[in-house]
Structures are given as C-alpha cells and as structure tokens.
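Novice: Sequence first, then the predicted structure, then my questions.
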Amino acid sequence: MPSTPMPPTNLTGHLLIATPGLEDDLFGGSVVYLCEHNDKGALGLIVNKTTDLNVRHLFSRLELSLARNDLADLPVLMGGPVHQDRGFVLHEAPLHEEGKRYASTLPIIQGLAMTSSKDVIDDLSHGAGPRKALMALGCSSWDEGQLESELAANAWLTVQADADWLFNLHPNQRYAKAFELLGVDPLRLVATAGHA
C-alpha cells in the first residue's frame, strides 16, 4: 500500500531555537517566534537579540511622544535580516470584536498578532494600544520549503511558545529558557553532536 505524504507541519506560534551547531552570524544562538508558517513559507521575529535602542529612543527618533512608561525601557529587538528599516510589533490581539483593528495585522494564535503598520505605534504613542507588546526592527522569513530543509538539517529545535514567556522574560534570558521549555540541556547537545 503506497504511503500518503504527510501534510506539512504548521509551526505558527512556535519558537525556533538555533541548535548549538548553527554557525551563522545572525541566526546562531537565536530564538525566533514564528508568526506564520504555511506551504508558501514562514515569517517570524528573532526575540532574543536586541538593537542598541530601547522603545523610548525609538519613539524619539520617530519624533513621537511615548505615553506608555511600561514600554519605555524595553529593548527594541533585532527581528531579522529582512526589512530592517521597518518596525514590527508583536502584541496581544484585541479581546473583543469591537476592539481596535490595525491596517496591517497578522493574527497568529493564542491571542497574539503582529502588526507592521504605523497606526499601532501611534496608539502606543498616545498611551493606548495593546496592553503587552514587543517591538522589532526587521523580520525573518523563509521561502517555500526552506525552513523545512533547515529543520531536516537539524539547524533548529522547535517548541510551542507561551505568551507569558515572550512578554515576561528579558531577551537575554530567552535562549536558555527556550531549552528549558524543551527539557533539553544545550551543553549535552554540543557534547553529543555528530556521534552516531
């Protein structure tokens, strides 16, 4: 009986954790939150690497006030190598249908969304907008089949993300904590890599 090909796994809402053997200047040591994954490719944000800006400085550069003190000192993430001149906001989605809708928002899962239009920044500037938010410059994307190839080559480990984890951990804690979510010691991965 011929085997039926398995449908591609949808990793939307998962973390990609770079394995210790991934030697890449940008993606080595990275944790990527996947905002979208389908048969056309994948889109995500690196959530553990930061720029030299915090949110207050970013808004100052945009010549905007920031009425959200809870966000002011958060580091701006280096979301990835694509569209580094654009901002991406990973945030809690509106809880009700009458909630705020933004011009360019990608609903994810678990009540999260990613917005790339300036209207969310304007809301945050005025003290409104999503209660919890992370801001990134640039994003990470994979063409059709590219991420699957990298997964098959053991460049990444995956685990379901947790919204509280994303919003409550400092970026420099996320790589080690992602391995804890998996229940894996990264040092053991290094020690056993390449052994049959």
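Specialist: It's in.

Novice: show me where this protein has strands.
Specialist: Using DSSP state E, the strands of the chain run over 14-18, 31-38, 41-46, 50-54, 75-78, 82-92, 105-107, 112-115, 133-143, 156-160.

Novice: Out of the ones you listed, flag the one nearest Leu124.
Specialist: strand 133-143 (6.8 Å; C-beta to C-beta). (Glycine included, C-beta is placed from N, CA and C.)

Novice: Return the set of buried residues in that closest one.
Specialist: Ala133, Leu134, Met135, Ala136, Leu137, Gly138, Cys139, Ser140, Ser141, Trp142 (16 or more other C-beta atoms under 10 Å).

Novice: pLDDT score assigned to the fifth one?
Specialist: By that I understand Leu137. Per-residue pLDDT puts Leu137 at 97.

Novice: Then the second one?
Specialist: pLDDT, the model's per-residue confidence, is 97 for Leu134.

Novice: so what's it up against?
Specialist: Counting by C-beta atoms under 8 Å, 6 or more residues apart in numbering, Leu134 makes contact with Leu45, Val47, Leu74, Leu77, Val89, Leu90, His91, Leu166, Phe167.

Novice: same thing with the fifth one?
Specialist: If a contact means C-beta under 8 Å, 6+ apart, then Leu137 has Thr51, Leu53, Val76, Leu77, Met78, Gly79, Gln84, Asp85, Arg86, Gly87, Phe88 as its contacts.

Novice: Redo those residues as JSON lines? Include distance to Ala18 and pLDDT.
Specialist: Formatted as JSON lines, these follow (distance: C-beta to C-beta, whole Å; pLDDT from 0 to 100):
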{"residue": "Thr51", "distance to Ala18": "19", "pLDDT": "96"}
{"residue": "Leu53", "distance to Ala18": "23", "pLDDT": "95"}
{"residue": "Val76", "distance to Ala18": "21", "pLDDT": "97"}
{"residue": "Leu77", "distance to Ala18": "15", "pLDDT": "98"}
{"residue": "Met78", "distance to Ala18": "14", "pLDDT": "97"}
{"residue": "Gly79", "distance to Ala18": "15", "pLDDT": "97"}
{"residue": "Gln84", "distance to Ala18": "19", "pLDDT": "92"}
{"residue": "Asp85", "distance to Ala18": "24", "pLDDT": "90"}
{"residue": "Arg86", "distance to Ala18": "23", "pLDDT": "94"}
{"residue": "Gly87", "distance to Ala18": "24", "pLDDT": "95"}
{"residue": "Phe88", "distance to Ala18": "20", "pLDDT": "97"}
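
Novice: Out of the residues you listed, who's the most crowded?
Specialist: Gly79 (29 neighbours; other C-beta atoms under 10 Å).

Novice: coming back round to it: turn the buried residues of strand 133-143 into a markdown table, columns for distance to Asn10.
Specialist: Shown next, in a markdown table, are those (distance: C-beta to C-beta, whole Å):
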| residue | distance to Asn10 |
| --- | --- |
| Ala133 | 24 |
| Leu134 | 22 |
| Met135 | 26 |
| Ala136 | 22 |
| Leu137 | 27 |
| Gly138 | 23 |
| Cys139 | 18 |
| Ser140 | 17 |
| Ser141 | 16 |
| Trp142 | 13 |
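
Novice: That concludes my questions; thank you for your assistance.
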